[in-house]
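What shape does this take:
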Amino acid sequence: MTLNALAATIAARKDADPESSWTAKLLSQGPEKCAEKFGEEAIEAIIEAVKGDKDRLTSEAADVIYHLLVMLTASNVTLGDVLAELERRQGTSGIAEKASRS
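Below you'll find the model as predicted:
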C-alpha cells in the first residue's frame with residue numbers, strides 16, 4: 001500500500017460509520033483527539049528507536065505514519081499539501097529553511 005492509497009482510504013472513511021471503522025471513529029472525535037493519538041504513537045516510536053529494536057520501531061513507525069495521515073485529514077490538510085511543501089523546500093538547506101520561518 002502506498003502513502004497515497006493509505007491517505008485516500010483514510011479520506012474515504014471521513015464520512016463512514018464510527019462504529020464500523022477505527023479511522024472513522026478517530027476522525028469523528030476531531031483534530032484534537034487525532035493529534036493526541038499521533039503524539040502517543042510518536043512517543044512509542046521514539047522509545048523503540050532509543051531501545052534499538054528495529055522490528056518494533058518499524059511497527060511503531062507505520063503507526064506514526066497512519067496517525068499522521070489521520071490527523072492531517074481531520075485538519076483538512078491533504079498528503080498532497082504536505083508533498084507540495086516538501087517539494088517547495090527541496091534544494092534549500094534545512095538551516096536556511098528554518099531561519100526563514102522566524
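
Scan the helices and strands of the chain for the one with the lowest mean pLDDT.
Lowest by mean pLDDT, DSSP states H and E among the helices and strands of the chain is helix 94-99, with a mean of 76.

Take stretch 80-92, keep the C-alpha atoms, and write them as PDB.
Taking Å, rounded to 0.1, in the frame of the first residue of the first chain, the C-alpha atoms of stretch 80-92 are listed here in PDB:
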ATOM      1  CA  GLY A  80      -0.700  16.400  -1.500                       C
ATOM      2  CA  ASP A  81      -0.400  19.600   0.500                       C
ATOM      3  CA  VAL A  82       2.400  18.200   2.600                       C
ATOM      4  CA  LEU A  83       4.200  16.800  -0.500                       C
ATOM      5  CA  ALA A  84       3.900  20.200  -2.200                       C
ATOM      6  CA  GLU A  85       5.500  21.800   0.800                       C
ATOM      7  CA  LEU A  86       8.300  19.300   0.700                       C
ATOM      8  CA  GLU A  87       8.800  20.000  -3.000                       C
ATOM      9  CA  ARG A  88       8.900  23.700  -2.300                       C
ATOM     10  CA  ARG A  89      11.700  23.100   0.300                       C
ATOM     11  CA  GLN A  90      13.700  20.800  -1.900                       C
ATOM     12  CA  GLY A  91      17.200  22.200  -2.600                       C
ATOM     13  CA  THR A  92      17.000  24.500   0.400                       C
END
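
what's the offset of that stretch from the middle of its chain?
16 Å (Cα atoms, centre = their mean, to the nearest Å).

Pick out the residue nearest the middle of the protein.
L68 (1.2 Å; Cα atoms, centre = their mean).

contacting residues for that one?
L68 makes contact with F38 under the criterion Cβ atoms under 8 Å, 6 or more residues apart in numbering. (Each C-beta comes from the backbone N, C-alpha and C, glycine too.)

In three-state terms, label it for me.
State at L68, reduced to three classes by DSSP: H, G, I helix; E, B strand; the rest coil: helix.

Lovely, talk soon.
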